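Colleague: sequence first, predicted model second:
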Amino acid sequence: MRVLGIETSCDETGIAIYDSDCGLLAHTTYSQTEIHSAWGGVVPELASRDHVRKAVPLIEAVLEKAAIQRNEIDGVAYTKGPGLVGALLVGAMLGRTLGFAWGVPTIGVHHLEGHLLAPFLEPNPPVFPFLALLVSGGHTELVKVDGIGKYEIMGDTLDDAAGEAFDKTAKLLGLGYPGGAALAKLAEQGNPARFHFPRPMVDRPGLDFSFSGLKTFALHTVESNRQDYQTRADIARAFEDAVVETLAIKCRRALQETGYQRLVIAGGVGANSSLRRKLHEICRKQEASLFFPRLEFCTDNGAMIAYVGCQRLMMGEQEDLSVEVYPRWPLNKI
Ligand code: KG4
Ligand code: ZN
């Protein structure tokens, strides 16, 4: 089965074609970062309008890249939630319309299920069951994954998501939006011994997270020190170390609690190389294997939506003619 995937939940237009026999045939991601950076965050209406402009030309480009005709597509998948309602509606209307026009089934996909299963786009995917650390701009969750659709959320953030904390701290350091990757780059120049940030909630039992205090701690540290390049780098390093270590401690605890031997990192913060290094170390000590998708499939993309859509369509699921999107949609309510 050959499925066209459309991702428009936030500020990336991701389009891909996944084939159940041959794997990923083609994909492309257009990022709206330039449009939103002037405003210091994603402006929902601008996001929706840009998806409207970009989606159809990108679909045409991906069909051409894959060297296939429209009538060779067997199904259409789009992101149904969670995300920005207007942005989701653009992808949902387009996906549903194409499915109707081409006479093929359509399926709405959960964005986080896309992230969770993105490692299956790679040559050596994990087998079920596994543990997944989902760390993006909007979510920080530890999920027990026992099969497609079998998700148990073991830990969640009580306030800011890890990516959100990265972005807000990056803004404090004058690094623009979204600043996660820029903060990580600056942290490489930082002295790890100069500042020490707390590791929130690690001395309590459980697997939940809280990152808003770290952002406040960063604000006080910025305000009480002279602002030069080295100080900013040292703050970035201390902040990154605190987030990475906190995530790693909870991953180790979850591996121990479940006895699972596979850990998947998914979501945009999964692109952070310090986090990847630390989780490699944890997994080595726990005799567990670590899986993560390539960088472009860690952040939002159409390939993960095409993949999940293909699996679900093959399981016989499909949407009816109504078009619904869910801006808020817990992973365990699929
Ligand atoms: O998964 P994603 O592309 O979009 C959401 O669904 O949220 O994640 C985006 C988030 C942003 O907060 C961004 O700052 C963060 O991932 N991010 C990083 C890095 N690259 C992207 N955070 C830390 N280090 C990075 N290298
Ligand atoms: Zn995402």
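Modeller: Structure received. Ligands and ions are numbered 1, 2, ... in the order given.

Colleague: where does residue 46 fall, phi/psi-wise?
Modeller: phi -70, psi -40 (degrees, to the nearest 10).

Colleague: ok, so what distance separates the nearest residue to it once chain neighbours are set aside from ligand 2?
Modeller: If the residues on either side of it in the chain are set aside, residue 46 comes closest to residue 35, at 5.6 Å by Cβ to Cβ, 6 or more residues apart in numbering. Using the backbone N, CA and C atoms, a C-beta is placed for each residue, glycine as well. Noted for residue 35: a distance of 18 Å to ligand 2, by Cβ to the ion, to the nearest Å.

Colleague: look up how far residue 294 lies from residue 35.
Modeller: To residue 294, residue 35 is 25 Å away according to Cβ to Cβ, to the nearest Å.

Colleague: which parts of the stretch 101-250 of the chain sit against ligand 1?
Modeller: By Cβ under 6 Å from any ligand atom, the residues of the stretch 101-250 of the chain that approach ligand 1 are 136-138, 163, 166-167, 178, 180-181, 184.

Colleague: want to throw these into a markdown table with secondary structure and pLDDT?
Modeller: Output for these, formatted as a markdown table (DSSP: H, G, I helix; E, B strand; the rest coil; pLDDT from 0 to 100):
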| residue | secondary structure | pLDDT |
| --- | --- | --- |
| 136 | coil | 91 |
| 137 | coil | 90 |
| 138 | coil | 88 |
| 163 | helix | 95 |
| 166 | helix | 97 |
| 167 | helix | 94 |
| 178 | coil | 86 |
| 180 | helix | 95 |
| 181 | helix | 95 |
| 184 | helix | 98 |
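
Colleague: now those residues in CSV, with neighbour count?
Modeller: As requested, these are exported to CSV (neighbours: other Cβ atoms under 10 Å):
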residue, neighbour count
136, 24
137, 23
138, 19
163, 26
166, 31
167, 24
178, 25
180, 27
181, 17
184, 21
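
Colleague: okay, among the residues you listed, which ones form the most distant pair?
Modeller: Taking Cβ to Cβ as the measure, those span a maximum distance of 18.5 Å, between 138 and 184.

Colleague: what about the closest residue in space to residue 271 that isn't next to it in sequence, distance to residue 249?
Modeller: Closest residue in space to residue 271, ignoring its immediate chain neighbours: residue 298 at 4.6 Å, by Cβ to Cβ, 6+ apart. Relative to residue 249, residue 298 is positioned 21 Å away (Cβ to Cβ).
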